[in-house]
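Everything below, folded, please.
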Amino acid sequence: MPLSPVFSARLQPALPSKRDFNSRRWVYVPYDRLNGEAGPLATASPNDTGVIFVESTAKAERRPYHKKKLALLLANGRHFALELAARGFKVLYVGTNLPMGEALAQACGRHGITRVVTTRPAERELRQDLAPYAALLDEQPDPTWMTTRADFEASHPKGPPYLMERFYRRVRARTGILMNGKDPVGGKLSFDAVNRRPWRPNKGDPRPPTRPHTPPDDITLEVLDLVRTRFPNHFGTLDNFDLPTTAQDANAAWAFARKELLPHFGPFEDAMSASEPDLFHTRISPLLNLGRLLPARVVADVAADHAAGTLPLQSAEGFIRQILGWREFVRHVFEATDGFRTLEPSGAPNALDARRPLPAAYWGAPSGLHCLDTVVGDVIRNGFSHHITRLMVLGNLATLAGWSPRELTNWFWIAYIDAYDWVVEPNVLGMATYADGGLMTTKPYVSGAAYIDRMSDYCRGCRYDPTRSTGEGACPVTAMYWSFLHRNRARLAGNVRMAMPLKMLEKKDPTELSALLRYADETVERLGAGTAPKQV
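As a prediction, the model looks like this:
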């Protein structure tokens, strides 16, 4: 597959000669490890090292990935290659229609390269693609992670269930981050309990600052044209693409987030808004997952800002808990279960026996539920929404309705610009849908309309009334909540954290419960048919 002309011309001075192939040490750069400050490139000399990139349409065609995800990944890969070229490295950039591993092996064979050094890819799927060519690869551990398998195992000496709090407590103590000796700064390990404010600008809450615009340069414009031409039927849109694609862009995005967003992040990290979908979230997860920003760096920056008095503790701890805590934790759960294949060989656990197909609403068909349609619309446009919209709208509704957790996981993998197997599968199969049966969470994270109404402004723009569960204009989400409990009451009977809602279910008037179950069934059936739920 020929590469685009501007990129090819810009890369031309760094192309290796025959002598370079014979005399240099070669490093293969996985698409999800685009960083020269960690791994084999951190200490490599440009004088005796060459780097190999593989850009494969076969990877892009494996799923209908969001167009902006493809553009983000390809543009960052090309820019990173040029950044290494500017440092003096020789660069072999392979454009191909073949799978990654096969293309790498062919390129090495063609140029007489018998051994390449590489960082272990984060994504299991890429590791599987490279596995048949293990003899070619000198695979080194990935130093960008902040924790080790020993941390995870020491925090769970008896094995599962795996709890993030145990893991987080251990790594905070070991690293000393936000610690005063043996005690956490502020006297508490987590400030999650006070980081649950809804965002109410009409009551004086701060408005998010305008985020800087990052217009695409000529390299990125070529990538946008490639994605538009080669993958026209993929999910989402390329409209208004302004994602960071260079190291400079990534650093600027982090500098802005650090100064302008994080001071207000903590209190409002769980809030949801139709008018301000990102609120004070940094949106750096795509950059972390590609390796453009290093987790240790951003955590150190945040800890330093708190120590300097420029960042409130609840915001600093809330952010660090997401990176040092949850992000590292889900990676270890994924590794320990081989992507949940220790639970189910196919990697598709389904503890609640949820088998309904994912409805057309997740692909943009109007559902009539303003919360769902708003978040899906945000994802179609941007390939992004923050963690509470993922959990308490997209995951919550799927769990209540009994839609397939594997289908939902695959949708997340396709739809989000920061989604890779190691992060999306634990988050969806575990946290969002309880498909793992409690392997990594203590209860299903489900709610009725009251939670969505309390934490968002979605209900104000909806045809349904969140304060009513049956009758004219009632919000069907609450009926779906009671239907979920009724459907799964035997499965959840032994769960201490579900004891109260199950007791409330038992006390429901039979006539009212029958009406709720009927309304829930009608709603799920209509959503499954791709039509909006009717008002009753």
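
Pull the helix or strand hosting residue 10 out as PDB, backbone CA atoms only.
For residue 10, the host element (DSSP states H and E) is helix 5-11. What follows is helix 5-11, C-alpha atoms only, in PDB (Å, rounded to 0.1, in the frame of the first residue of the first chain):
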ATOM      1  CA  PRO A   5       2.900  11.900  -1.000                       C
ATOM      2  CA  VAL A   6       3.400  14.600   1.600                       C
ATOM      3  CA  PHE A   7       4.300  12.100   4.300                       C
ATOM      4  CA  SER A   8       6.500  10.100   1.900                       C
ATOM      5  CA  ALA A   9       8.400  13.200   0.900                       C
ATOM      6  CA  ARG A  10       8.900  14.400   4.500                       C
ATOM      7  CA  LEU A  11      10.200  11.000   5.500                       C
END
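
and the gap between residue 520 and residue 476?
According to C-beta to C-beta, to the nearest Å, residue 520 and residue 476 sit 7 Å apart. Using the backbone N, CA and C atoms, a C-beta is placed for each residue, glycine as well.

If you count surrounding residues, which of those two has more?
Here residue 520 and residue 476 are compared on neighbour count by other C-beta atoms under 10 Å; more neighbours surround residue 476, at 31 against 26.

who's in contact with the residue nearest to that one when sequence neighbours are not counted?
Distances taken as C-beta to C-beta, 6 or more residues apart in numbering put residue 523 closest to residue 476, at 3.9 Å, once the chain neighbours are dropped. By C-beta atoms under 8 Å, 6 or more residues apart in numbering, residue 523 lies in contact with 401, 476, 479-480, 533.

Name the residues contacting each of residue 520 and residue 476.
By C-beta under 8 Å, 6+ apart, no residue touches both residue 520 and residue 476.

Just want the phi and psi numbers for the closest residue to residue 481 other than its chain neighbours.
What sits nearest to residue 481 in space, not counting adjacent residues and going by C-beta to C-beta, 6+ apart, is residue 448, at 3.8 Å. With angles defined as degrees, to the nearest 10, residue 448 sits at phi -90, psi -160.

Provide the contact partners of stretch 30-46 at residue level.
25, 27, 29, 49, 51, 54-55, 59, 73, 76-77, 80, 83-84, 87-90, 100, 117-119, 121-123, 126, 140, 142-144, 289-292, 294, 420.

Tell me which of the residues you listed fall in helices.
Those of the contacts of stretch 30-46 mapping onto helices are 59, 73, 76-77, 80, 83-84, 100, 126, 289-290, per DSSP state H.

Quick one: buried ones out of the contacts of stretch 30-46?
Among these, the ones that count as buried by 16 or more other C-beta atoms under 10 Å are 25, 27, 29, 49, 51, 54-55, 59, 73, 76-77, 80, 83-84, 89-90, 100, 117-119, 121-123, 126, 142-144, 289-292, 294, 420.

and the residue nearest to residue 481, how many neighbours?
The local packing of residue 448 (other C-beta under 10 Å) involves 22 other residues.

per-residue pLDDT, it?
Confidence at residue 448, expressed as pLDDT, is 98.

Quick check: the gap between it and residue 480.
Taken as C-beta to C-beta, the span from residue 448 to residue 480 is 8 Å.

Run through the helices of the stretch 201-350 of the chain in chain order.
Ranges of helices in the stretch 201-350 of the chain, per DSSP state H, counting those that start in this stretch, are 218-230, 247-256, 285-290, 295-307, 313-320, 328-337.

Strands along the chain, start to end?
25-28, 49-56, 90-96, 116-119, 137-140, 179-180, 183-184 (DSSP state E).

Strand partners (parallel or antiparallel) of the fifth one?
Listed by DSSP bridges, the sheet partners of strand 137-140 and their directions read strand 116-119 (parallel).

since we're on the closest residue to residue 351 other than its chain neighbours, how many residues are nearby?
The spatially closest residue to residue 351, leaving aside those adjacent along the chain, is residue 437, at 3.2 Å (C-beta to C-beta, 6+ apart). Neighbours of residue 437 under the rule other C-beta under 10 Å: 15.

Pop the domain breakdown of this structure in here.
Residue ranges for the domains of the chain, per automatic domain parsing: 5-140, 149-216+236-337, 360-528.

Quick check: end-to-end length of the last one?
With C-alpha to C-alpha, to the nearest Å as the measure, domain 360-528 spans 7 Å from end to end.

Could you pull up the contacting residues of the residue nearest to residue 130 when sequence neighbours are not counted?
Nearest residue to residue 130, sequence neighbours excluded (C-beta to C-beta, 6+ apart): residue 101, at 4.4 Å. Applying C-beta under 8 Å, 6+ apart, one finds that residue 101 lies in contact with 129-133.

pLDDT score for residue 101?
At residue 101, the model reports a pLDDT of 97.

can I get the contacts of residue 523 in JSON lines with pLDDT?
Formatted as JSON lines, the contacts of residue 523 follow (pLDDT from 0 to 100):
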{"residue": "401", "pLDDT": "98"}
{"residue": "476", "pLDDT": "97"}
{"residue": "479", "pLDDT": "98"}
{"residue": "480", "pLDDT": "98"}
{"residue": "533", "pLDDT": "51"}
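
got those as TSV, with distance to residue 155 columns?
Converted to TSV, the contacts of residue 523 look like this (distance: C-beta to C-beta, whole Å):
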residue	distance to residue 155
401	34
476	40
479	40
480	35
533	43
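
Out of the residues you listed, flag the one nearest to residue 226.
Within the contacts of residue 523, the smallest distance to residue 226 is 37.3 Å, found for residue 401 (C-beta to C-beta).

and that closest one, how many residues sit next to it?
22.

Touching, it and residue 480? I think so.
Yes: look at residue 401 against residue 480 with C-beta atoms under 8 Å: they come within range, at 6.1 Å.
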